[in-house]
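# Sequence first, predicted coordinates after that:
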Amino acid sequence: MRLKFTALAFACGLFTATAQDVSSTITQNEVTRIISTLSDDNMQGRASFTPGIEKAAKFIQAEFQRIGLKPLPGEDDYLQTFSVYRITPDEKEAKLNGKKISPENMFAITEKEEVEWKHKGKQKIVTIGENDDFRAVLRELNSSAEDVLVLVHPKHEETFSRYQHYMGRGSVKQQLSSEGGSKVFILTDQLQAKKYKLEVENNIEQLQLTNVGGMIEGKRKDEFVVFSGHYDHIGIQEALDGDSIANGADDDAAGTTAMMLLAEYYKKQPQPERTLLFVAFTAEEMGGFGSRYFSEQLNPDQIVAMFNIEMVGKPSKFGPNSAYLTGFERSNLGPLMQKRLEGTTYSIHPDPYPEQNLFYRSDNATLARLGVPAHTISSVQIDQDKTYHTVHDELSQLNMEHLTNMIRAIALASEGVVNGEDTPTRVDKSQVR
């Protein structure tokens, strides 16, 4: 779609990029080629620790090589690899007041390889009675450094089972802590522990995760502007109508595609004033481990802004060629983007779904907590979207014209920050949880 500039906007020099520059580089054919590859069945849903995500990383790496990006600061190549620990429950057994407890009525929250407790140990005993709030007690226990044996009344069986199932899938930690206490939960009608003996064993693996990142060095080498999207998704799921692959086309092959096309666009422009970092984050779906590691490699005070892109493959509630910015009120990056888009068919709006906490649900949150004007650009109507985290999040569900135009809009909206004319205000770290 052709951009429409007002004569006043053009005359005032609000845009150094032109409609022709944007449209000639960011084409619907290229958008389709990249997102089709990332969301193809042979990527197996790009779940962390799978061959599918490794294949996706190699594809993104090859594209960065073709574009001609440099590695990120401090890196030798495009792969920013780091280690995490996966904790998987192995065995558990217990006796309470001489009665054997079924493993289905136990779960543990611990980072230890083995927990072995006997009566008269140092463990605190907590009961969740019939009329107690299970979730409130759990939140309080999570902030405790003590070892705690938790006896849960059978009335809470449904909630207990959900947590037991969740914990049974295991967890991932960036670091293992020897200081935190272990919490062992037992569903029982015995709400006193006169005598107990229990043992919990975990399988702990050290595994690798990989961000894929590249750079265009600017004239101001130590002023960084980040463009990002997460390339992981949730992998293989329970089959629906014979389909078990959650392709993650909108979440977030769309955002990753946008980031890659923006890298190619800016590489074809004159050297930018600020250094541009383009990153495909890993493990967003598991808790943002990729963005967390990335943030630790840089001084956040040198990061001028972060344009994180997530789920931009479907039109927003504001109409064609529109998107919204999460945490719009936390800096003035949104108004700066809006100003750059004046006179075009594109628009950026405040997040219309504050109750969804979207500001905290993507990779921007890590850097925002460090004071960076880090926001996520999205267009998904999250309150109505039926394909989110399902096997139906496929390419056929996306509007390719809209996606292409969203990438063009971000190119124009980010121009002032890239060329050094716009510097957004910082996020107040004390107001970010």
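That came through fine.

# who's in contact with Phe307?
Shown in contact with Phe307 (C-beta atoms under 8 Å, 6 or more residues apart in numbering): Val225, Val226, Phe227, Ser228, His375, Ile377, Ile410, Ser414. Where C-beta positions appear, they are placed from N, C-alpha and C, glycine not excepted.

# Sticking with the fourth one, tell me its helix or strand.
So that's Ser228. Assigned by DSSP states H and E, Ser228 belongs to strand 220-230.

# Sort out which residues of that strand are buried, please.
By neighbour count on 16 or more other C-beta atoms under 10 Å, the buried set for strand 220-230 is Glu223, Phe224, Val225, Val226, Phe227, Ser228, Gly229, His230.

# between those, which is closest to Thr32?
Ranked by distance to Thr32 (C-beta to C-beta), these are led by Gly229 at 16.6 Å.

# any idea of the pLDDT on that closest one?
On pLDDT, Gly229 comes in at 98.

# Gly180 now?
Note on Gly180: pLDDT of 76.

# so it sits right up against Val115, yeah?
No: taking contacts as C-beta atoms under 8 Å, Gly180 lies outside contact range of Val115: 12.0 Å.

# Can you show me the helices along the stretch 1-150 of the chain?
Listed in chain order, the helices of the stretch 1-150 of the chain (DSSP state H, counting those that start in this stretch) span residues 7-11, 19-25, 28-38, 51-67, 134-142.

# want to try TSV for those helices, with mean pLDDT as columns?
Shown next, in TSV, are these (pLDDT from 0 to 100):
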stretch	mean pLDDT
helix 7-11	33
helix 19-25	83
helix 28-38	98
helix 51-67	98
helix 134-142	93
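
# so how far is Gln61 from the residue nearest the centre of the chain?
Nearest to the geometric centre of the chain sits Glu284, at 3.0 Å (C-alpha atoms, centre = their mean). Applying C-beta to C-beta, to the nearest Å, the value for Glu284 to Gln61 is 18 Å.

# and what of Lys314?
Noted for Lys314: a distance of 28 Å to Gln61, by C-beta to C-beta.

# wait, which of the contacts of Phe307 is closest to Gln269?
Each of the contacts of Phe307 was scored against Gln269 by C-beta to C-beta, and Ser414 proved nearest at 11.6 Å.

# which residues sit in contact with that closest one?
Val225, Phe227, Leu262, Ala305, Phe307, Met337, Arg340.

# Among those, which lie within helices?
Leu262, Met337, Arg340 (DSSP state H).

# for the stretch 251-400 of the chain, what spans make up the strands?
274-281, 303-309, 322-325, 347-350, 374-378 (DSSP state E, counting those that start in this stretch).

# So for Glu54, which of these sits nearest?
In terms of C-beta to C-beta, the element of those nearest to Glu54 is strand 274-281, at 12.7 Å.

# Sheet-wise, list the partners of that closest one with their directions.
According to DSSP bridges, strand 274-281 forms sheet pairs with strand 196-216 (antiparallel), strand 220-230 (parallel).

# buried sites along the first one?
This means strand 196-216. For strand 196-216, a neighbour-count test (16+ other C-beta under 10 Å) marks 196, 198, 200-202, 204, 209-216 as buried.
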